[in-house]
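1. What would the 3D arrangement of this be:
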Amino acid sequence: MRFMDKLKLLFSPQPSSSRFDVAVRCSRCGEVIHAQIDTRNDLSVQYVQDDSRYFCRKVLMGSGESRCFQQIIVEYAFDADRDVIDRRIEGGSFVDQGQEDEE
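-> Below you'll find the model as predicted:
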């Protein structure tokens, strides 16, 4: 029975701490768009002097319900430990927790 438990544990999905959630609001229609960044797979290495940093660029678009198809460009910079050190956005604004219902 122990073998089966270990096997089940091996193939069951593990909670991922590598997932980074992003929420933005479109500047044209106001729709809140959610996305995720996987810090193990979505980041690109960016060498700066003697240090390495990571970079991620995502292009987001809403559902189109309000016939708005504006692209929102989100860029994140991460340090060597994959913690956020900078973020930029074009075509929208970042939504922090608790602000999603405000318009």
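2. Name the nearest residue to residue 20, sequence neighbours excluded.
-> Counting by CB to CB, 6 or more residues apart in numbering, residue 20 lies nearest to residue 37, which is 4.3 Å off, once chain neighbours are set aside. Backbone N, C-alpha and C define where each C-beta goes, glycine included.
3. what's near enough to touch that neighbour?
-> Contact analysis of residue 37 by CB atoms under 8 Å, 6 or more residues apart in numbering lists 19, 20, 22, 43, 56, 58, 76.
4. Could you pull out the buried residues of the host helix or strand of it?
-> Element membership of residue 37, judged by DSSP states H and E, is strand 32-38. Residues 32, 33, 37 are the ones in strand 32-38 that count as buried (16 or more other CB atoms under 10 Å).
5. List the neighbouring strands of the helix or strand just after it plus their orientation.
-> Note on strand 32-38: by DSSP H and E, the next helix or strand toward the C-terminus is strand 44-48. On the basis of DSSP bridges, the sheet neighbours of strand 44-48 come out as strand 51-61 (antiparallel).
6. With only the CA atoms kept, save stretch 45-60 in PDB.
-> The C-alpha atoms that make up stretch 45-60 are tabulated as PDB, following Å, rounded to 0.1, in the frame of the first residue of the first chain:
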ATOM      1  CA  VAL A  45      17.200  35.500 -18.900                       C
ATOM      2  CA  GLN A  46      18.500  39.000 -19.200                       C
ATOM      3  CA  TYR A  47      22.200  39.500 -18.400                       C
ATOM      4  CA  VAL A  48      23.000  42.800 -16.800                       C
ATOM      5  CA  GLN A  49      26.700  43.400 -16.000                       C
ATOM      6  CA  ASP A  50      27.700  40.600 -13.700                       C
ATOM      7  CA  ASP A  51      24.200  39.900 -12.600                       C
ATOM      8  CA  SER A  52      21.400  37.800 -14.200                       C
ATOM      9  CA  ARG A  53      17.800  39.000 -14.200                       C
ATOM     10  CA  TYR A  54      14.700  37.600 -15.700                       C
ATOM     11  CA  PHE A  55      12.200  39.200 -18.000                       C
ATOM     12  CA  CYS A  56       8.600  38.400 -19.000                       C
ATOM     13  CA  ARG A  57       6.400  40.200 -21.600                       C
ATOM     14  CA  LYS A  58       2.800  39.200 -22.000                       C
ATOM     15  CA  VAL A  59       0.200  40.600 -24.500                       C
ATOM     16  CA  LEU A  60      -3.300  40.400 -23.000                       C
END
